[in-house]
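Engineer: Turn this into a structure:
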Amino acid sequence: MTHPALSPSIQDLLKAVYVQQQAGIAVELDALATALGLTPQKLSRAIEQAAKKGLVTLDEQTVHLTENGQTTAQSLTRHPSEAVENFLKAVYTLQETHERVSTNALKDALSISAPSVTDMAQRLVEAGLVDYRKYYGVRLTALGEQIALNTIRRHRLIELYLVEELGYALHEVHDEAEALEHVVSERFIQAIDLKLGQPRYDPHGDPIPAPDGTIHNRELQPLADLALATPARVSRYAAEAPELLQHIITRGFILDTEVEVRARDPFDGPLTIRIDDEEAVIGHALATVILVEIINDIERG
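Structural biologist: Numbering: from 1, shown residues only. Okay, here's the model as predicted:
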C-alpha cells in the first residue's frame, strides 16, 4: 500500500521504524540508515521532512513514531499476513545461495502455482518488501529482510522452547512452530528469549536472529567433507524431514557431540565415524546433512 501525500523516502522511513518497533528494537540512526540503504545525509533529510509533518520525533540518536506516524505506518505496512511472512521467509532462505530467487524455486518451496508467486511478488513490490524483475526473479528489500528475519526469529525460538521446556522431540517441532510463529505477540517472543537465556541457536543448530536482525555465523561443513582424523562437533542439521531428523538423532549425532571421520570409502561410499569414543558406519547421503564445526587446539586445551 502507498500513501500519495508522502514521498517514497518518508514512506520507507515510517515502515522501517514501525517494523523495528514491532520487533522491540530501539530505532537508532546508524541501524536505520543501514536498513534503508541511505546515506546519513539522506536519512537526516527524510527524518526532518517526516518530523515537519508530525510523523516522527528524534530523541538524540533514536527515532520514534508519533501517534499520527504510527497510524500512517500501520496503513502503509499493515501486519504481514501468514502468506506474506512465509513468502518473505522463503525468499530469504533461498537468497542464501542465489543472488536472485526464481519464481520456479519459490513455487517449489511454497507449494503454490507460478502465477500465485508472480502475483504475490508484484503485490510485495508495491508494499516495498521485494524487488521483482520478470525473468530475473525476486530479491528482498531491506524492509522485507527485516520482516523475514523477525519471522525466522519467532520460528526458531518457538522450536527451541518446545524442545527445552515442553518436551517435544526434534522431529515434532517444525510444523508446530510454523503455525505459532504467525499468531504470537512480540511480547511472548521476548519472554521466551529471556526464559531460554537469549540463545544463539535453535534445536536444529540454525542461528536465531537477534532482535536487530544480526546473525551469529559459524564456519560449518558437511561431515561428508571433513578431513580424516580431524576432531569436530555436530553443529547443525541441514534437513527438515521428520523421519530423517529422527534417524540422525537415533544414530547418535546429537548437537555438540564430538565426531571424527576415521575412514571414507571412495565414490561417495560409506564413512566410518567416531562418535564419543564409539564407531559407527553411515552412508554418504546422511553425512552430507550433518554439519560440523572443527574443534581448534585452544578449545581442546
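
Engineer: Could you grab the helix/strand/coil label for residue 274?
Structural biologist: strand (DSSP: H, G, I helix; E, B strand; the rest coil).

Engineer: Name the SS class of the closest residue to it other than its chain neighbours, please.
Structural biologist: Distances taken as CB to CB, 6 or more residues apart in numbering place residue 260 nearest to residue 274, at 4.4 Å, with adjacent residues excluded. Yep, even glycine has a C-beta here, placed from its N, CA and C like the rest. With three-state DSSP as the basis, the three-state label of residue 260 is strand.

Engineer: where in this structure is pLDDT low?
Structural biologist: 1-4, 22-26, 77-80, 297-301 (pLDDT under 70).

Engineer: residue boundaries of the strands in the stretch 1-150 of the chain?
Structural biologist: Using DSSP state E, counting those that start in this stretch, the strands of the stretch 1-150 of the chain run over residues 56-59, 62-65, 130-133, 137-140.

Engineer: Could you list which residues are in contact with the residue nearest to residue 274?
Structural biologist: 226, 229, 230, 231, 232, 273, 274 (CB atoms under 8 Å, 6 or more residues apart in numbering).

Engineer: that older thread, can I get the strands of the stretch 1-150 of the chain in CSV with mean neighbour count and distance to residue 155?
Structural biologist: Listed next are the strands of the stretch 1-150 of the chain as CSV, based on neighbours: other CB atoms under 10 Å; distance: least, CB to CB, whole Å:
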stretch, mean neighbour count, distance to residue 155
strand 56-59, 16, 31
strand 62-65, 19, 27
strand 130-133, 18, 20
strand 137-140, 22, 17
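
Engineer: Can you lay out those as JSON lines showing distance to residue 97?
Structural biologist: Listed next are the strands of the stretch 1-150 of the chain as JSON lines, based on distance: least, CB to CB, whole Å:
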{"stretch": "strand 56-59", "distance to residue 97": "37"}
{"stretch": "strand 62-65", "distance to residue 97": "34"}
{"stretch": "strand 130-133", "distance to residue 97": "17"}
{"stretch": "strand 137-140", "distance to residue 97": "13"}
